[in-house]
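Chemist: I would like the atomic coordinates for the input below:
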Amino acid sequence: MTQKLNYLIAWFKLLKRKTSLILLVIILAASAAMIVTNYYTIKIASAARAYINGESQYSKGQKDASAYLIKYIYLENDTDYKAFQQNISIPLGDQIARIALSNKHNTAEATGGFLQGKNYPKDVANMVWLFTTFKQLPIFKKVIATWTDGDELVNKLYLTGILARQKMLSQKISPAEKQSFILSINNLSQQLTVKEEDFSNTLGIISSNVNVYLFIADIAVILVIIISSYSYAGIMIRNLRESRKKIIEQNFNLQSINAGLDKFVFNITHDLRSPLVSLIGLISLIDDETDMAQIKAYTLLMKDSLEKQDLFINEMLTFIQSKHTGLIKKECSLNMIIENVLTQNHYVKEGKEVHFYKELLLDQIESDSLKLQVILNNLVSNAVKYSDTKKDEQWVKVKTYRTDSEAIIEIEDNGLGIRKNDQERIFDKFYLSGINKKSSGLGLYLVKDAVKQMNGRIQVKSEEGLYSRFTISFPG
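Modeler: This is a model prediction of the structure:
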């Protein structure tokens, strides 16, 4: 259950981090989209404006050409005909550009045609881009169709000028024919005016639509940016609050740890100093003692004191190692760990050997072998240490088995047992029960701490003078 809860918490944290990253990406993408959209909108609007300006040059050239051609027919002045040719070349240049882009896909030829049509040189590239990019769109096809119709009328006007020129040069043109030419020119000019207006109006509609679409797109992108920014800011604020909360909790924990360290250091100092004081006292007694039997007794007391200090130091080293080593889970053999522990704790007390019994129904387990070693070694060594020599047989039983959801290890002995009022406190750091004369009070604390790190549980049942049973349960 604890593992599932930890998994869910980790998953939510990962989701929150991913959500923050996604929101940031959305903001950046939306900003980039706005930049790109505005760039191409300006490019389209600029190209449309260039076409509208070009249409005014187209219209002016066509109208001036018509006027000079009529003047030429009336006055028969070659200068007027040259002026006609110069002005008619403007719409003819735009026609060259249209044909080059529609059929030939020749950008260089189209550029030359637009320049001949008196279009502003810096606008030509945008005009070419707009035509090639949007020529398949229905509304732009309408622009091209109007342009094509206008070019056909310009061609008729150009051919009318050539025909009138031929007639004038042959001196065989009658007043009625002149009038017919002039009527035809005026008619073509009127039709071209209609086409030119249609051309400009359609381009105007394109520009208006582009502006509307840009406005809608900008609003949509701005809304996305605002919503994403607000959400991102909300997550950042929550993260800051959580960080502040964690800092407060960590400060509180550090204060608790510092207080615990003060007590810890005091206890260690006390426990390390006590054997030393005892040794100093015993050495002083030996200096004044001449009885070898008594000296030997003092020496045994010194040895006992040193052994006690060595035990304490070893337990402290194990405690520190357990605290600073994270949980390292891997496949390990319970049988092998238990065998090593039992071998290390082989013991004969007052001429009686402590017997070990094993009932190992579970071997392979995914766990931390070092922490299992700490747990089992402390429990087995305690069982041996507090065995009851008054009983005919002193024994320690080790069982392993699996339930539906847990792996179980049991350590049971028939030793001195634990008093009922001590059972709730035996896992406290530095706690010593009434019968506990050889311990530092760290062993069972280490056991409880290691079990907790492995997400397990430990329970104790005991009857004073009869037995003690420690049951450890691990997930899986």
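
Chemist: what about Gly332, which SS state?
Modeler: No Gly there; residue 332 is Cys. strand (DSSP: H, G, I helix; E, B strand; the rest coil).

Chemist: Can you report how many residues lie near it?
Modeler: Each residue near Cys332 was counted by other Cβ atoms under 10 Å, and the total is 18. Every residue, glycine included, has its C-beta placed from N, CA and C.

Chemist: try the one 10 residues further on
Modeler: Using other Cβ under 10 Å, Leu342 has 18 neighbouring residues.

Chemist: And the helix or strand where it lies, what's buried?
Modeler: Assigned by DSSP states H and E, Leu342 belongs to helix 334-344. Buried residues in helix 334-344, counting neighbours by 16 or more other Cβ atoms under 10 Å, are found at 334, 337-338, 341-342.

Chemist: what does stretch 170-179 give?
Modeler: Under the neighbour-count criterion of 16+ other Cβ under 10 Å, stretch 170-179 has 173, 178 buried.

Chemist: show me the contacts for Ser473.
Modeler: Residues counted as contacts of Ser473 (Cβ atoms under 8 Å, 6 or more residues apart in numbering) are 406-408, 456-459.

Chemist: So it belongs to a strand, correct?
Modeler: Yes - membership of Ser473 in a strand is supported by three-state DSSP.

Chemist: How about residues contacting the helix holding Leu342?
Modeler: In contact with helix 334-344 (Cβ under 8 Å, 6+ apart) are residues 356, 358, 360, 362-365, 369, 372-373, 376-377, 380, 398, 400, 409.

Chemist: Neighbour-wise, which one of the residues you listed leads?
Modeler: Within those, Ile409 tops the neighbour count with 26 neighbours, counted by other Cβ under 10 Å.

Chemist: partner strands of the helix or strand hosting that residue, parallel or antiparallel?
Modeler: Using DSSP H and E, Ile409 sits within strand 406-413. Strand pairing for strand 406-413, using DSSP bridges, gives strand 394-402 (antiparallel), strand 467-475 (antiparallel).

Chemist: and the next element down the chain from that strand?
Modeler: Assigned by DSSP H and E, the successor of strand 406-413 is helix 443-453.

Chemist: Tell me the confidence at Tyr51?
Modeler: The model reports Tyr51 with a pLDDT of 83.

Chemist: Quick one: neighbours of it, just the number.
Modeler: Tyr51 has 25 neighbours, counted by other Cβ under 10 Å.

Chemist: Ok, the one 4 residues further on next?
Modeler: As a burial measure, Glu55 scores 22 neighbours (other Cβ under 10 Å).

Chemist: before we move on, what about the one 10 residues further on?
Modeler: The local packing of Ala65 (other Cβ under 10 Å) involves 26 other residues.

Chemist: cool, and Arg238?
Modeler: Counted with other Cβ under 10 Å, the neighbours of Arg238 add up to 12.

Chemist: same deal with Tyr357?
Modeler: 10.

Chemist: Show me the beta-bridge partners of the closest residue in space to it that isn't next to it in sequence.
Modeler: Spatial nearest neighbour of Tyr357, chain neighbours left out: Lys397 (4.5 Å); criterion: Cβ to Cβ, 6 or more residues apart in numbering. Beta-bridge partners recorded for Lys397 (DSSP bridges): Tyr357, Glu412.

Chemist: Sweet, I'm off.
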